[in-house]
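> with the input below, show me the fold.
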Amino acid sequence: MSQRHSMRGLMLLAGLAVATLSGCATRSQALYHWGDFEAQQYSYFKGDKGPEDGIQSLEKIREEAKAKGKPVPPGMQAHLGLLYGQTGRTDLLEQNLQGERQQFPESAAYVDFLLKPKKPE
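Here you go, the predicted model:
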């Protein structure tokens, strides 16, 4: 009888171990929809892509995020705004920077700096 009880205990212990380990194996969902934002940003800073290419790519990522019901990652709206600024579309520059500030209040000081009128030298 004691061997039967120890075998049952071992099976119970093995079952608990499998259940515990399988719980650890589940992948957590990403908080943001990154798309290929990092690769796009890298390509832009390397000089491989101009502002228009970057705008198209980042707008696509924003649409994908919206379709998935996820927010865009930190910095994306600010980067998009700066790209719009390079093309002379200051309304979209400001709109995206304000969006960055709204989504990430900790970015307020940086956004304020970017929106501050520059004095002519």
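> tally of neighbours for residue 85?
Residue 85 is surrounded by 17 other residues when neighbours are defined as other CB atoms under 10 Å. All C-beta atoms are positioned from the backbone trio N, CA, C, and that covers glycine.
> secondary structure class of it, three-state.
helix (DSSP: H, G, I helix; E, B strand; the rest coil).
> can you pull the contacts of the residue nearest the centre of the chain?
The residue lying closest to the centre of the chain (CA atoms, centre = their mean) is residue 73, at 2.7 Å. By CB atoms under 8 Å, 6 or more residues apart in numbering, the residues touching residue 73 are 32, 33, 34, 37.
> specify the local secondary structure of the residue lying closest to it once chain neighbours are set aside.
Setting aside the residues directly before and after it, residue 73 is nearest to residue 32 in space (CB to CB, 6 or more residues apart in numbering), at 4.0 Å. With three-state DSSP as the basis, residue 32 sits in coil.
> so residue 32 touches residue 65, yeah?
Yes - under the criterion of CB atoms under 8 Å, residue 32 lies in contact with residue 65, with a separation of 7.4 Å.
> so the two - more neighbours on which side?
residue 65 (19 against 14).
> pull the contacting residues for that one.
Listed by CB under 8 Å, 6+ apart, the contact partners of residue 65 are 32, 33, 35, 71, 72.
> ok so, going back, give the residues shared as contacts by residue 32 and residue 65.
Contact criterion CB under 8 Å, 6+ apart; residues bridging residue 32 and residue 65 by contacting each: 71, 72.
> give me the neighbour count for residue 94.
Residue crowding around residue 94 was assessed by other CB under 10 Å; the count is 16.
> give me the distance between residue 114 and residue 50.
20 Å (CB to CB, to the nearest Å).
> which one's more surrounded, these two?
Ranked by neighbour count (other CB under 10 Å), residue 114 and residue 50 place residue 114 first, with 17 against 12.
> where does the nearest residue to the more buried one once chain neighbours are set aside land on pLDDT?
Distances taken as CB to CB, 6+ apart put residue 97 closest to residue 114, at 5.8 Å, once the chain neighbours are dropped. The pLDDT attached to residue 97 in the predicted structure is 97.
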